[in-house]
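Engineer: What follows is a predicted protein model with its sequence.
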Amino acid sequence: MIQFLLNQTLRTLEDVDPNTTLLNWLRGSEQRCGSKEGCASGDCGACTVVIAQLDGDKLRYDTANSCITLISQLDGKQLLTVEDLADDDKLHPIQQTMADCHASQCGFCTPGFVMSGFALQKTNRAAQRHEIEMGLSGNLCRCTGYRPIIEAMQQNSGAAPDTFTQSEPQTVARLKLLQHSELAELTQTNRCLLPKNIAQLAALYQQHPQARLLAGGTDLALTITQQYQTLPLIIGLNQVSELKMINVTEKQIRIGAMATLEACRAALQTPIPAFSQALERFASPQIRHHGTLGGNLANASPIGDCAPMLLALDANLELRCGDAVRILPLEQFFLSYRKTALQPGEFISAVIIERDAISPTFTAWKISKRRDDDISTVFGAFNLHIDGGVVTTARLAFGGMAAIPSRAKETEQALLGSLFDSQILERACQALAKDFQPLSDFRGSGRYRLAVAQNLLKRFYLQQIEQLNELEVQTYSLEGQTHVN
């Protein structure tokens, strides 16, 4: 049984197919056709909805791609669609400003933009153009109507409280009651198990090692929407709060596997700012709100953005199978293309980073065809300790250069114990050609990838010796002109 609020209406679903996407349920069973299907892969944002969930005594409003959100992920939350925004015949402020600014062109993408704008208003992040651009980076307008859309968002900044603000205390109380009534009880529906704590999860996964674990679902759901497969049994992790915890101490950073990428971005701003900045370019807000750190590692993609950074940081994984827990260096986790060291019934419970492994020089760069909402062609992460100009420790890792995310060990050896100058830089670039012989695909040729990796190393060198902040795009003017600091 899955229970959630559809706006203010309690919905209970008992026999729904767990392979059903939220978009198909909305457009089919509910006849709510405002949300559109543009890509069925979480790229275009035409299907954007807002999912509100408890954050202490308040609600957190997150955008989501309903085309790759499975229905079980709504359990214990509130769902809002574009049909919910108007108050009787009065448009919501974001809808009104979209109309006033003539921001709807063909109209296909408009509901998605409206919902992203609604979430921006709720998070009070629509005051500056850069925040608006980030908030809309997962929404594509094919009519090139961005100027009036952004103007509408700017005009809506600081809008008066709406009916959702007024009803928030009531909604919070209802969601707390809903979660409390099922706090320890295992939820089981048609081919879907929803454990409430990590002990239930460990026991269930031992009993059903063939089941697919559903974390954020931003990758797993593509199995359904793009490959047209049916998942016979799903174990949803949404209610396992222990897996969502992030604990930062003086010695260690421990990140639960179910911590969303957006939560990681916020938590790592101070201890690892370069990691946090890199996550700003991870897909889109719709993906970062639901995609998880553990999921990004478990899918073992060779172009996943988090793995190279964590490899460079010498991270460890906490793995659990039943009551047994083991610690595995991330470097030993990826075995071959899409294959990991996870045993049957075993799952990632946490990612652990030792603070003393983080160098002040830690830097990470993503190279892709688009700045936002795109997949890496090459991702480079650099973590060097330099004392008196000499490299004392070196960990360099890359994605997109091999069948798995990998460290550049020949390059590391070329750097270790040497004065970090132009001569050693040239030797290190030559060593990269020994570390990697990348393949060619539609994102780039192997020759291009190797040249990019070498240039990123040169960029890192220039950053260290000359402190060239001009290499980083950091701020945007109100007119949309890119500035550098």
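Structural biologist: Arrived safely.

Engineer: So Leu70 sits against Thr21, correct?
Structural biologist: Yes. Applying Cβ atoms under 8 Å, one finds Leu70 in contact with Thr21, separated by 6.2 Å. From N, CA and C alone the C-beta is placed, and that goes for glycine too.

Engineer: what do the two both touch?
Structural biologist: Common contacts of Leu70 and Thr21 (Cβ atoms under 8 Å, 6 or more residues apart in numbering): Ala221, Ile224.

Engineer: gap between Leu450 and Gln423?
Structural biologist: The gap separating Leu450 from Gln423 is 21 Å, by Cβ to Cβ, to the nearest Å.

Engineer: Look at these two and report which has more neighbours.
Structural biologist: Leu450 (20 against 10; other Cβ atoms under 10 Å).

Engineer: Surely the more buried one is in a helix?
Structural biologist: Yes. The assignment for Leu450 (DSSP: H, G, I helix; E, B strand; the rest coil) places it in a helix.

Engineer: and Leu396, what element?
Structural biologist: strand 390-399 (DSSP states H and E).

Engineer: what's the burial count for Pro169?
Structural biologist: Per other Cβ under 10 Å, the neighbour tally for Pro169 reads 12.

Engineer: Can you give the contact residues for the helix or strand containing it?
Structural biologist: In the assignment (DSSP H and E), Pro169 maps to helix 163-181. For helix 163-181, contacts defined as Cβ under 8 Å, 6+ apart pick out 3-5, 8, 10, 52-54, 57-59, 76-78, 80, 87, 122, 239.

Engineer: Stretch 406-423 too?
Structural biologist: The contact list for stretch 406-423 (Cβ under 8 Å, 6+ apart) reads 311-312, 331, 334, 384, 386, 389-398, 424, 427-428, 430-432, 434-436, 453, 457, 461, 464-465.

Engineer: which one in the protein is furthest away from the centre?
Structural biologist: For the chain, the residue at maximal distance from the C-alpha centroid (Cα atoms, centre = their mean) is Gln423, at 38.7 Å.

Engineer: Quick check: which ranges of the protein have low pLDDT?
Structural biologist: 125-127, 158-160, 181-189, 467-485 (pLDDT under 70).

Engineer: Tell me which residue lies nearest the centroid of it.
Structural biologist: Short answer for the chain (Cα atoms, centre = their mean): Arg288, at 2.8 Å.

Engineer: what's near enough to touch Thr218?
Structural biologist: Per Cβ under 8 Å, 6+ apart, neighbours of Thr218: Gly42, Asn65, Ile68, Ala283, Ile287, His290, Gly291, Gly295.

Engineer: Quick check: the two most widely separated of the residues you listed?
Structural biologist: Across the contacts of Thr218, the longest distance by Cβ to Cβ is 14.9 Å; it joins Asn65 and Gly295.

Engineer: ok, the two, which is more surrounded?
Structural biologist: Asn65 (33 against 25).

Engineer: List the buried residues of stretch 339-351.
Structural biologist: Burial within stretch 339-351, assessed by neighbour count using 16 or more other Cβ atoms under 10 Å, is assigned to Thr340, Leu342, Gly345, Glu346, Phe347, Ile348, Ser349, Ala350, Val351.

Engineer: Was I right to think the last one contacts Leu293?
Structural biologist: It stands for Val351. Yes. Under the criterion of Cβ under 8 Å, Val351 makes contact with Leu293 at 5.8 Å.

Engineer: what's the distance between the closest residue to Ser104 other than its chain neighbours and Asn139?
Structural biologist: Spatial nearest neighbour of Ser104, excluding adjacent residues (Cβ to Cβ, 6 or more residues apart in numbering): Thr110 at 4.4 Å. Distance, Thr110 to Asn139, by Cβ to Cβ: 10 Å.

Engineer: so who does Asp323 touch?
Structural biologist: By Cβ under 8 Å, 6+ apart, Asp323 lies in contact with Ala202.

Engineer: at 10 Å what do you get?
Structural biologist: Counting by Cβ atoms under 10 Å, 6 or more residues apart in numbering, Asp323 touches Ala199, Ala202, Ala203, Gln206.

Engineer: Among the contacts of helix 163-181, which are located in strands?
Structural biologist: Gln3, Phe4, Leu5, Leu10, Ala52, Gln53, Leu54, Lys58, Leu59, Gln78, Leu80 (DSSP state E).

Engineer: Return the closest of the residues you listed with respect to Gly444.
Structural biologist: Nearest to Gly444 among the ones in strands among the contacts of helix 163-181, with distances taken as Cβ to Cβ, is Gln53, at 38.5 Å.

Engineer: Do I have it right that that closest one meets Ser241?
Structural biologist: No. Here Gln53 does not reach Ser241: they are 11.6 Å apart, not a contact under Cβ atoms under 10 Å.

Engineer: Between these two, point out the one with more neighbours.
Structural biologist: Neighbours of Gln53 and Ser241, each counted by other Cβ under 10 Å, are more numerous for Gln53; the result is 17 against 14.

Engineer: which non-adjacent residue is nearest that one?
Structural biologist: Per Cβ to Cβ, 6+ apart, closest to Gln53 is Lys77, 4.6 Å.

Engineer: quick one: the one you found and Val16, what's the gap?
Structural biologist: Counting by Cβ to Cβ, the gap from Lys77 to Val16 is 15 Å.

Engineer: who's more crowded, those two?
Structural biologist: Taking neighbours as other Cβ under 10 Å, Lys77 and Val16 compare with Lys77 leading, 21 against 17.

Engineer: need the contact list for that one.
Structural biologist: By Cβ under 10 Å, 6+ apart, the contact list for Lys77 reads 3-5, 51-54, 59-60, 62, 64, 175, 178-179, 238.

Engineer: make it 8 Å
Structural biologist: Phe4, Leu5, Ile51, Ala52, Gln53, Leu175.

Engineer: quick one on the thing from earlier: just the buried ones from the contacts of helix 163-181?
Structural biologist: Buried members of the contacts of helix 163-181, scored by 16+ other Cβ under 10 Å, are 3-5, 52-54, 59, 76-78, 80, 122, 239.
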